[in-house]
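1. need coordinates for the below:
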Amino acid sequence: MQFNDNLLAASPNKGIKRIMGKILQFIARKFPFLPPQIRAFLQQMRGVKFSEYSAVFIGEDVYFDDMYPELISIGRKVIITEGVRILSHFVSANHERTSEAPFFFYKGAVEIGDNVFIGMNTAIVKPIKIGSGSMIGANSVLTKDVPENSIMVGSPARQVGTLRSVPR
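-> Below you'll find the model as predicted:
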């Protein structure tokens, strides 16, 4: 997967759209009585792309990137458990620092395939693709692409096994 080479000097100014997105994000994350499909619907309203939001389970306190939610896409029958963080913008460690631009960010797509399970408190911190049928263990940190039907655990996550394919 290639990174988007567009480095960003500051966050984009999206005005009222960003404010509304933050309100929807807050409701989706902090209201424990909301059904998981309503959480997915609220995230879709913010710009997160779902193949079918009603076929996705999103637990409480799941954070989707505030700056570029439209770069996140999620397949069908995905389970995202409590406390997961999904980012689509990142700090560049390779940028030459100056007093005018001490930090630069780059952005990239996060793609989650069908039939994926993401365990509690997992962080997705780079532009990656998670292959269909994969399982990500709790407290993992994903920094690279995940092959289909993989079991990934750890910080940084590494493949520890494979799963049989799920019939479509």
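2. show me the helices in this structure, by range?
-> Using DSSP state H, the helices assigned to the chain run over residues 16-30, 36-46.
3. could the ones you listed be laid out in CSV, adding mean pLDDT and mean neighbour count?
-> Where C-beta positions appear, they are placed from N, C-alpha and C, glycine not excepted. As requested, those are exported to CSV (pLDDT from 0 to 100; neighbours: other C-beta atoms under 10 Å):
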stretch, mean pLDDT, mean neighbour count
helix 16-30, 89, 15
helix 36-46, 93, 20
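4. include distance to Arg85 when you put the ones you listed into TSV, please.
-> Converted to TSV, the helices of the chain look like this (distance: least, C-beta to C-beta, whole Å):
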stretch	distance to Arg85
helix 16-30	11
helix 36-46	13
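5. so which of those comes closest to Thr98?
-> Among those, the nearest to Thr98 by C-beta to C-beta is helix 16-30 (26.7 Å).
6. how close does the residue of the chain positioned farthest from its centre get to Tyr106?
-> Within the chain, the residue lying farthest from the chain centre (C-alpha atoms, centre = their mean) is Ser99, at 31.2 Å. Here Ser99 is placed at a distance of 20 Å from Tyr106 (C-beta to C-beta, to the nearest Å).
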